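> what follows is a predicted structure for the sequence shown.
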Amino acid sequence: MTSPFVIAIDGPAAAGKGTLTRALAQRLGYERLDSGRLYRSVARHVADEWNLALSHT
């Protein structure tokens, strides 16, 4: 059994990581996981469950 091929791209906010990963995934025919969106979604869920206010700064 072969392991899936994984490409990780790191960098500061607003550096173009999302643009690059979308183009790369489309060109190579790969799936794409936006970990930043995943983390924000988990944080929102926890905040909602615990009635916490989130800052939008």
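Sure, I can see it. Numbers count the residues shown, from 1 in each chain.

> from now on I want contacts and neighbour counts done on CA atoms only, so please keep to that.
Fine.

> list the buried ones in the helix or strand containing Thr21?
Using DSSP states H and E, Thr21 maps to helix 17-28. Across helix 17-28, burial judged by 16 or more other CA atoms under 10 Å covers Gly18, Thr21.

> check which element follows that helix along the chain.
Downstream of helix 17-28, the first helix or strand assigned by DSSP H and E is helix 35-49.

> where in the protein is pLDDT low?
Low-confidence segments of the chain, defined by pLDDT under 70: 56-57.

> show the contacting residues for Ala47.
Counting by CA atoms under 8 Å, 6 or more residues apart in numbering, Ala47 touches Ala53, Leu54.

> before we move on, back to that, what comes into contact with the helix holding Thr21?
In contact with helix 17-28 (CA under 8 Å, 6+ apart) are residues Ile9, Asp10, Gly11, Tyr30, Glu31, Arg32, Asp34.

> could you check the angle helix 35-49 makes with that helix?
If you take axes from the mean of the first three to the mean of the last three CA atoms, to 10 degrees, helix 17-28 sits at 120 degrees to helix 35-49.

> in TSV, list the contacts of helix 17-28 along with distance to Ser3.
Below are the contacts of helix 17-28 laid out as TSV (distance: CA to CA, whole Å):
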residue	distance to Ser3
Ile9	19
Asp10	22
Gly11	25
Tyr30	14
Glu31	14
Arg32	16
Asp34	20
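
> could these go into CSV alongside neighbour count and distance to Ala23?
Shown next, in CSV, are the contacts of helix 17-28 (neighbours: other CA atoms under 10 Å; distance: CA to CA, whole Å):
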residue, neighbour count, distance to Ala23
Ile9, 9, 13
Asp10, 7, 15
Gly11, 8, 16
Tyr30, 14, 10
Glu31, 11, 11
Arg32, 14, 10
Asp34, 11, 13
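
> measure the closest residue to Asp10 other than its chain neighbours to Ala8 for me?
Nearest residue to Asp10, sequence neighbours excluded (CA to CA, 6 or more residues apart in numbering): Lys17, at 7.2 Å. From Lys17 over to Ala8 the distance is 10 Å, taken as CA to CA, to the nearest Å.

> run the chain-centre distance for stretch 16-26.
What separates the centre of stretch 16-26 from the centre of its chain is 11 Å, taken as CA atoms, centre = their mean, to the nearest Å.
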